[in-house]
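Peer 1: Only the shape, not the letters, is given here:
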């Protein structure tokens, strides 16, 4: 029998994130290798937790990445491959399949990257979704436009957040856009625009079971903030409320439908103004962005990056246990700022838990034991942020690191 050895993690990210995941892997006694972009060579990586780091040139084809990692595997046995960002999931899945490393393969990955795949699977399993049509057959699209009232949204199937989404008000507006997209149009889907309040559920999943979930509500729908500018807010919903209990149940059904075995998930739902029902929007097998992890930790004590690492280390042996949690309330407020290093010292309520330090961003995390206090604070802060800090830039058509 070979001598026992530490697990070796290959962590892949072309964005600066996941530092706590890597630190926790190292705390658990693992070897940690980081594969990242050359442009992030000087980023704030947890170098004390890394056994080796490799840098990829921009736009390197997937086949070349697979070949490079295969060469690495000749000298280092790789036990886990983890994509720390959504845009690296395909790379990680292709590597797992090529090297036969346990974890999500390419087919399963599609349910968390492809908005069409995740909607079709959710609908098959009884999870309510907005009426949609794939952008394949033009006859089907015409039938859809005739029978599903507008407006609609044209969404890229494999982008994150609100990147690249276009609102369509009539059929005459749609066809020129599809003509312009040409052969790329099949990479989109058309979906009924549902006015409503948008929620997100952030989960920890171990062996197909949601062992932790935190339900939150965005102040303004993310698409509105991303495309129209403004102040981003999100906060924990009242525990035990109809929204909290209802979304926990829907989220459990969704995670089971999409087939996430272990890891974390960030799922978004909209509560329609018209009928009061919750509709599934999208789900990613990653930690939510915009400091949602820090908000969840402020409210519950659970750091999603840390628990994800512990679950990956435990693997299939069933040894993972969720640490004790608390049930408080927290919220995030964040905006682009005109100032390079905005001063938030004037926000001095006792509930201020964390001041976000990021160039040309103003941000705070607040915490309270009172469910009503957090949204009340954020509402007032949002008005002040708009006056004191807010800067607006054009909507992004492509992700940026």
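Peer 2: Looks like it arrived, so ask away. Predicted model, so just to flag it, every value in this text is computed and none were measured. Residues are numbered from 1 along each chain as shown.

Peer 1: Let's test this: name the helix or strand in the chain with the lowest mean pLDDT.
Peer 2: Sorted by mean pLDDT, DSSP states H and E, the helices and strands of the chain end with helix 222-228, the least confident at a mean of 73.

Peer 1: and the next helix or strand after it, which strands flank it?
Peer 2: With elements assigned by DSSP states H and E, the helix or strand that comes after helix 222-228 is strand 232-236. Strand 232-236 pairs in its sheet with strand 209-218 (antiparallel), strand 329-336 (antiparallel), by DSSP bridges.

Peer 1: Please point out which parts of the longest one sit buried.
Peer 2: Within strand 209-218, the residues that count as buried by 16 or more other C-beta atoms under 10 Å are 210, 212, 213, 214, 215, 216, 217, 218. Heads up, the C-betas are built off the backbone N, CA and C, glycines and all.

Peer 1: The spatially most central residue of the chain and residue 267, how far apart?
Peer 2: In the chain, the residue lying closest to the centroid (C-alpha atoms, centre = their mean) is residue 288, at 3.9 Å. Plainly put, residue 288 is 9 Å away from residue 267 if you go by C-beta to C-beta, to the nearest Å.

Peer 1: what's the overlap in contacts for these two?
Peer 2: 200, 202 (C-beta atoms under 8 Å, 6 or more residues apart in numbering).

Peer 1: My read is that residue 52 contacts residue 33, right?
Peer 2: Yes - using C-beta atoms under 8 Å, residue 52 is in contact with residue 33, at 4.8 Å.

Peer 1: joint contacts of these two?
Peer 2: Common contacts of residue 52 and residue 33 (C-beta under 8 Å, 6+ apart): residue 76.

Peer 1: More neighbours: these two, which one.
Peer 2: Between residue 52 and residue 33, counting by other C-beta atoms under 10 Å, residue 33 is the more crowded of the two (21 against 13).

Peer 1: Contacts only, for the more buried one.
Peer 2: Going by C-beta under 8 Å, 6+ apart, residue 33 touches 8, 9, 10, 11, 50, 51, 52, 53, 54, 72, 76, 78.

Peer 1: cool, and residue 128?
Peer 2: 277, 278, 279, 280.

Peer 1: show me what contacts the second one?
Peer 2: Right, the one you point to is residue 278. Contacts of residue 278 were listed using C-beta under 8 Å, 6+ apart, and they are 128, 199, 246, 247, 250, 269, 270, 271, 272.

Peer 1: cool, residue 283 as well?
Peer 2: Shown in contact with residue 283 (C-beta under 8 Å, 6+ apart): 111, 112, 118, 254, 255, 258, 265, 266, 267, 268.
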